[in-house]
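Participant: Predicted model and sequence follow; I will ask about them next.
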Amino acid sequence: MDIKKLISQMTLEEKAGLCSGADFWHTKALERLGIPATMVSDGPHGLRKQDEEADHLGINDSIKAVCFPAASATAASFDKALLCRMGEAIGDSCQHEKLSVVLGPAVNIKRSPLCGRNFEYFSEDPYLAGKLSASFIHGVQSRNVGTSIKHFAGNSQEHRRMSSSSEIDERTLREIYLAAFETAVKEEQPWTVMCSYNRLNGIYASENPWLLTEVLRDEWGFEGYVMSDWGAVSDRVAGVAAGMDLEMPSSNGINDRKIVEAVQSGKLDESLLDQAVERILKIVFRYTENAKPETEWDKEAQHLLAAEIAADCMVLLKNEGSVLPLSPDEEIAFIGEFAEKPRFQGGGSSHINCFKTTSALEAAKGLHITYAQGYSVETDSADEAQIAEAVAAAKKAKAAVVFAGLPDVYESEGYDRSHMRMPECQNRLIEAVAAANPNTVVVLHNGSPVEMPWLGKVKAVLEAYLGGQAVGIATVRVLFGEVNPSGRLPETFPRKLSDNPSYLFYGGEGNIAEYREGVFVGYRYYDRKEMEVLFPFGHGLSYTSFEFSNLRLSAGNISDQETVTATVTVKNTGDRAGKTVVQLYVGDEESSVFRPVRELKGFEKVELQPGETKDVSFILDKRSFAYWNTQIHDWYVESGTFSVEIGYSSRDIALQAKVHVQSTTELPRHYTMDSIFMDLLADPKATTILKPLLDSMREVFEPASAEESTEAAKEAISDEMSLAMMNYMPLRGILSFGGDENTARMLEQILSQLNGN
Ligand code: BGC
């Protein structure tokens, strides 16, 4: 299809028209030129295709579909292949349903446990979110269906989401809030990107040229189109100029007319409009030319796939005395409404109309289960009769499993949580059941961390997150040992909300949300603070045991243009088959900027039979060691020694090796009279230039010799003090301590030499 030629045949009005939706879910057709309409649909973990009444908040009905685990859960799989399989399945269903783009994945960083949409987001760690979302995109797009990675960018709260400005400094943006998008764009070229509602450093994402053009396209090489989140457009003309191609759903022609006027008045260059149309049409035709509506959508098979995926996402947080797995021969009490009606997805635009769901109670049919409701999701207050019934059931059983977590109203798109607690009725229930049965297990359904005041009283905790419509099957498989749990926490569970680094500033003041904790998000903060946490990032237990050994690096010394391969041996030392996650962290031993102790730079999920051993390798490159340098506005590795760690979690490091990395970038230096000696003397070139001056100054600054210095002087000026005074003194300070015209001239000369003139 010669798209440029097509565009040359369009009127200005037609071009402007193509830059907004025909309705809630369709791009516009232009029949005169044979341009078809295409349909997009939510959401990240299954289809929310609305055939009739449309809305973007999941209010109206959509077709019956399959709800896979939400990203909060799939992130816990730490399994790239799994995300790819899920993407393929969703891609197939899109082909079947004639959908050109699925609106996901959503990769915003889980900055605070409070964000209402955390259940849809992957992680507090951008490396994990980036790699897993890239695999998902790969899977979907392998079916010739596009993805829309969202919400670009800095959309880590729901509070005032359409007006708030996320104020994020340059380094934090690059290292934390943009990095997952960057990985996905560079590695997998999502067909589309969805810009977020919020402003970023004052400018709406939907009209931010730095974000949508400089970074996304010029730097990362994005080739697709940018669409707005639903209703995220403020100044449409500025948006076109910034690189925001498709307004969704539309503004009923009003913004299209504004585009036309802007071109006519010369305010908007027509070539920018042409470019937007071209980008949209490329994707429209990429889909239509590869459409395969005959693709089968086997929902039953996908239900089972959803169960398989959910099981591999579950994180066994605690398992005292190996109370899990349970024995299928024994009497077990299932307690809590979620056993019967699991919470397996979140509210809002990602809400799926499931063709079926399987609860744990249904999945456990045939086993010896007694059930007590224990609480109602409709209320927070405890019902004594329900608790008594639960306690009675728990007393009679070998073990009691309480299904708990957050009811729908606790976390949803559109608003944030105000605390991190579970409903009081559930906490009370767990305490009561634990007092009645020593083998109490808690299964949690939630999209984000919760406080666990009862943790010390229960034997086991299984974090199921929001595991999709087949979560019941997965839960029963894990509880009874058919599946060995292998999930790892993609986020830290702090002991209490106020421990979270964003606690003091989260939500912002009015429309200003300052991300003041900077790069210290999640474990980057807790580890640096040496703060005790409930469960650390990367934590997760298994029914077998694993051992990491023999970490070796392919080199001890590299330049930042070279790579180093880290290889580690993993052994299943227990008596059950199982999967483990090898986590690789890198830390800079010494740095001139504030850096986290360690950052995830590699992870691999491996399956091992009892006694089996496998080698796992990771290639580390410049980016593994770099931080974002705001002087050169680029990634930069500071020469020095880095630790390469292999861990079971960010707090449980098993092995460590060291590598020296030499920078090949010389940072530009510019000195002034205000430059201090400490900085000058850290630069070998400057030290040579300064040598004559330093020699002449010795007399003034060197501590007086033993005979000359009186006791009083010694007390007043220690060696440390004179050294510090020297270090912190600016070049101009020389004049203040007895210089004359000659000294002034000499300093000018030195400065000019220092700056290479
Ligand atoms: C959400 C998006 C979603 C869109 C369409 C918006 O409210 O923020 O994530 O894709 O609606 O439903």
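Facilitator: That came through fine.

Participant: Stretch 630-642: how far from the chain's middle?
Facilitator: Distance, stretch centre to chain centre, for stretch 630-642: 23 Å (C-alpha atoms, centre = their mean, to the nearest Å).

Participant: What lies in contact with that stretch?
Facilitator: 170-171, 174, 560, 586-593, 622-623, 625-629, 658-663, 665, 667-668 (C-beta atoms under 8 Å, 6 or more residues apart in numbering). From N, CA and C alone the C-beta is placed, and that goes for glycine too.

Participant: cool, stretch 87-96 as well?
Facilitator: For stretch 87-96, contacts defined as C-beta under 8 Å, 6+ apart pick out 41, 45-47, 65-66, 68, 100-102, 135-145, 147, 291-293, 295-297, 302, 305.

Participant: Could you check the helix or strand hosting Thr74 against the ligand for contacts?
Facilitator: Take DSSP states H and E as the rule and Thr74 turns out to sit in helix 71-77. No. Judged by C-beta under 6 Å from any ligand atom, helix 71-77 makes no contact with the ligand; its nearest approach is 11.7 Å.

Participant: In space, what's closest to whatever residue of the stretch 401-550 of the chain ends up closest to the ligand - neighbours in sequence excluded?
Facilitator: The ligand sits closest to Glu413 of the stretch 401-550 of the chain, with a gap of 6.4 Å, by C-beta to the nearest ligand atom. If the residues on either side of it in the chain are set aside, Glu413 comes closest to Gly348, at 2.6 Å by C-beta to C-beta, 6 or more residues apart in numbering.

Participant: Please report the distance of that neighbour from Pro44.
Facilitator: As judged by C-beta to C-beta, to the nearest Å, Gly348 and Pro44 stand 11 Å apart.

Participant: Show me which of the two is the more surrounded one.
Facilitator: It is Pro44, of Gly348 and Pro44, that has more neighbours when counted by other C-beta atoms under 10 Å, with 29 against 23.

Participant: Spit out the contact partners of the residue nearest to Glu413.
Facilitator: Counting by C-beta under 8 Å, 6+ apart, Gly348 touches Leu57, Gly58, Arg117, Glu120, Ser412, Glu413, Gly414.

Participant: Backbone dihedrals for it, please?
Facilitator: phi 120, psi -150 (degrees, to the nearest 10).

Participant: For it, give me the pLDDT.
Facilitator: Reading off the confidence values, Gly348 has pLDDT 91.

Participant: and the gap between it and Tyr197?
Facilitator: 13 Å.

Participant: all helices of the stretch 1-150 of the chain, in order?
Facilitator: Taking DSSP state H, counting those that start in this stretch as the test, the helices found in the stretch 1-150 of the chain are 3-8, 12-18, 71-77, 80-96, 126-141.

Participant: Just give the number of residues close to the residue of the stretch 651-757 of the chain found nearest the ligand.
Facilitator: Nearest to the ligand in the stretch 651-757 of the chain, going by C-beta to the nearest ligand atom, is Arg651, at a distance of 33.2 Å. If you count neighbours by other C-beta under 10 Å, Arg651 ends up with 18.

Participant: Which residues of the protein lie near the ligand?
Facilitator: Asp42, His56, Leu103, Lys150, Asp229, Trp230, Ser349.

Participant: Try it again at 5 Å.
Facilitator: Applying C-beta under 5 Å from any ligand atom, one finds that the chain approaches the ligand through Asp42, His56, Leu103, Asp229, Trp230, Ser349.

Participant: On the three-state scheme, the fifth one is what?
Facilitator: So the one you mean is Trp230. Of the three states, Trp230 takes coil according to DSSP: H, G, I helix; E, B strand; the rest coil.
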